[in-house]
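# Below is the structure, and that's it, no one-letter string:
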């Protein structure tokens, strides 16, 4: 984040190569054109039963963590075939406020867009200040577990397999009391167990909270991130007995403290070793390429991903990666502050990236916004991955200091047109895209199991929102989708790091199961591929964690398929057609 008060003077934003319709002055959003046709997304929050309301803990003292908001996670914690949703919230920083209210709430998906609050029954309770949700089966028992990040300490909740969670963070060696923002489960050393990368934001206490604003006029705003000393991130290696150890130095991941806000564990170069990319707030971003023996090489500067194309440090927050051009190479999209283009790094086979924010169509539309959450997904099932981005400023006193921006801002959907992104008329997307929000966390998940990605949002100091995707199956001849649920046996059970290529009708799509991504949120880990009308039977190939490649025979139609990694090199993967409940 870049903020006034104690912050540096704002740097002028680079001029985009073209002037997209949304590239307007801060706060001056264009009026939508009249529209009465079908929309892409329908707000189904009210009938869903999800009544979560986020609390930032903001107050007259402007405690710094309350500016950043919180995320959410998609998780099928009861293994009934439906994606449940877990939201987290901040808390008041006042010492007079008793910490008794639960800041983590999990809603069980009952089907038919109905949810019920399962927090009390599941034992998921946390009364501290929470930012992020990471999902992963760290003990490989088949049930996904939850790791929650926040100010004042982290929390690991072990899934007991009967609909209940048990808090085991301190016993597992994960809760050291430091301020963390987000985390990612992934297998760093290839032993088949999920390790944990935790982003630390900085060193801050209510007592050291600086005063920024105008004392004489009585205005106070959130201070710049530069007033908070960055804290090094940490890699927690899974010992295999329910405990973790600090392996940051032995993995070569030390030496780059950076106010981390976003992390993704994924393949970013051409080898079979998993890599890490971290989005840092007013510090250079970090790219660590995987090396043998669970070690990593710092390629941040050489890769071209630490700075923008002018060599400037950005206020990076959310992150996602995808093969947006269907070239077989993975690109990086990083959300940034108002007046800064969201960074788009085009990938290559050797891990070298180019900043093409201006020419990709992603940079110009983001200039008016403070952007946070981001998710890639093929929302209209045309075979090209789109991007959803949440936006919102950081405080409610901005205009008192002469800042012309507004606190609540419009969300942004970027439609992928054969590798180039375009903004679409907000009215066609649905009423949600015409309303302003304090956007923070967003997750993409197929919440109704109809083969397309729906959306759930955790807004700052606002109620949560659910959007049903109605564009994926328009009237007439509709595209279908192939949904793959992978289970690892030799590698980690969640198959994080698996890379899947689907070929059909002369086109090729590549997806991978990632650890982390987005902004302090976790997404549906099933992989979804569009099947276009008239295309032949798709050919599917999986590169499992560790590098073994197996073709998948027998997928003859759309729908959801379970693929189980073969236990021996000569065996074929087990393939099952699933009928997930609606």
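Okay, I see it. All values derive from a computational prediction rather than experimental measurement.
# CA atoms for contacts and neighbours, from now on please.
Noted.
# how long is stretch 531-547 from one end to the other?
Using C-alpha to C-alpha, to the nearest Å, the end-to-end distance of stretch 531-547 comes out at 26 Å.
# Name the residues of that stretch that are buried.
Using 16 or more other C-alpha atoms under 10 Å as the test for burial, stretch 531-547 gives 531-532, 538-546.
# which other residues reach that stretch?
Contacts to stretch 531-547, defined as C-alpha atoms under 8 Å, 6 or more residues apart in numbering, come from residues 190, 272-273, 381-383, 477-482, 488, 491-492, 495-505, 549-553, 555-558, 565.
# Tell me which of those fall in strands.
Of the contacts of stretch 531-547, the ones assigned to strands by DSSP state E are 480-482, 499-504, 549-552.
# Drop anything exposed from the contacts of stretch 531-547.
Judged by 16+ other C-alpha under 10 Å, buried ones among these: 190, 272-273, 381-383, 478-482, 488, 491-492, 495-504, 550, 552, 555, 558, 565.
# what about residue 487, distance to residue 314?
Using C-alpha to C-alpha, residue 487 is found at 37 Å from residue 314.
# More neighbours: which of these two?
Between residue 487 and residue 314, residue 314 has the larger neighbour count (other C-alpha atoms under 10 Å), namely 26 against 22.
# what pLDDT does that one get?
We have a pLDDT of 96 for residue 314.
# about what we covered before: with pLDDT and distance to residue 180 added, can I get the ones in strands among the contacts of stretch 531-547 in JSON lines?
Converted to JSON lines, the ones in strands among the contacts of stretch 531-547 look like this (pLDDT from 0 to 100; distance: C-alpha to C-alpha, whole Å):
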{"residue": "480", "pLDDT": "89", "distance to residue 180": "40"}
{"residue": "481", "pLDDT": "94", "distance to residue 180": "37"}
{"residue": "482", "pLDDT": "96", "distance to residue 180": "36"}
{"residue": "499", "pLDDT": "98", "distance to residue 180": "29"}
{"residue": "500", "pLDDT": "98", "distance to residue 180": "32"}
{"residue": "501", "pLDDT": "97", "distance to residue 180": "35"}
{"residue": "502", "pLDDT": "96", "distance to residue 180": "37"}
{"residue": "503", "pLDDT": "95", "distance to residue 180": "40"}
{"residue": "504", "pLDDT": "92", "distance to residue 180": "43"}
{"residue": "549", "pLDDT": "96", "distance to residue 180": "36"}
{"residue": "550", "pLDDT": "96", "distance to residue 180": "38"}
{"residue": "551", "pLDDT": "95", "distance to residue 180": "40"}
{"residue": "552", "pLDDT": "93", "distance to residue 180": "40"}
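# Of all pairs in those residues, which one spans the longest distance?
In these, two members sit farther apart than any others by C-alpha to C-alpha. They are 480 and 549, at 25.9 Å.
# Could you pull out the helices in the stretch 401-550 of the chain for me?
426-429 (DSSP state H, counting those that start in this stretch).
# Then the stretch 151-300 of the chain?
Remark: helices assigned in the stretch 151-300 of the chain by DSSP H, counting those that start in this stretch are 169-172, 300-303.
# So for this protein, the centremost residue is which one?
The chain has residue 518 as the residue nearest its centroid, 1.5 Å off, counting by C-alpha atoms, centre = their mean.
# do you know which of the helices of the stretch 151-300 of the chain lies nearest residue 182?
helix 169-172 (15.3 Å).
# in the closest one, what's buried?
Of all the residues in helix 169-172, those buried under the rule 16+ other C-alpha under 10 Å are 169, 172.
# what does it rub up against?
By C-alpha under 8 Å, 6+ apart, the surrounding residues in contact with helix 169-172 are 154-157, 175-176, 242-244.
# wait, which of these is closest to residue 65?
Once C-alpha to C-alpha is applied, the member of these that ends up nearest residue 65 is residue 154, at 14.6 Å.
# For the closest one, which non-adjacent residue is closest in space?
Distances taken as C-alpha to C-alpha, 6 or more residues apart in numbering put residue 175 closest to residue 154, at 5.0 Å, once the chain neighbours are dropped.
# need the contact list for the one you found.
Counting by C-alpha under 8 Å, 6+ apart, residue 175 touches 153-155, 169.
# so what's residue 465 up against?
Counting by C-alpha under 8 Å, 6+ apart, residue 465 has contacts 43-45, 456-459.
# now do 7 Å
By C-alpha atoms under 7 Å, 6 or more residues apart in numbering, residue 465 lies in contact with 45, 456-458.
# number of nearby residues for residue 317?
That count, for residue 317 with other C-alpha under 10 Å as the rule, works out to 32.
# Where does the prediction get shaky in the stretch 451-582 of the chain?
472-478 (pLDDT under 70).
# Let me see the confidence value for the nearest residue to residue 253 once chain neighbours are set aside.
In space, and not counting its chain neighbours, residue 253 is closest to residue 296: 6.6 Å by C-alpha to C-alpha, 6+ apart. What the model reports as pLDDT for residue 296 is 98.
# From residue 187, how far off is residue 296?
Separation of residue 296 from residue 187 (C-alpha to C-alpha) stands at 13 Å.
# Can you tell me the closest non-neighbouring residue to residue 442?
Computed as C-alpha to C-alpha, 6+ apart, the closest residue to residue 442 that is not its neighbour in sequence is residue 457, at 4.5 Å.
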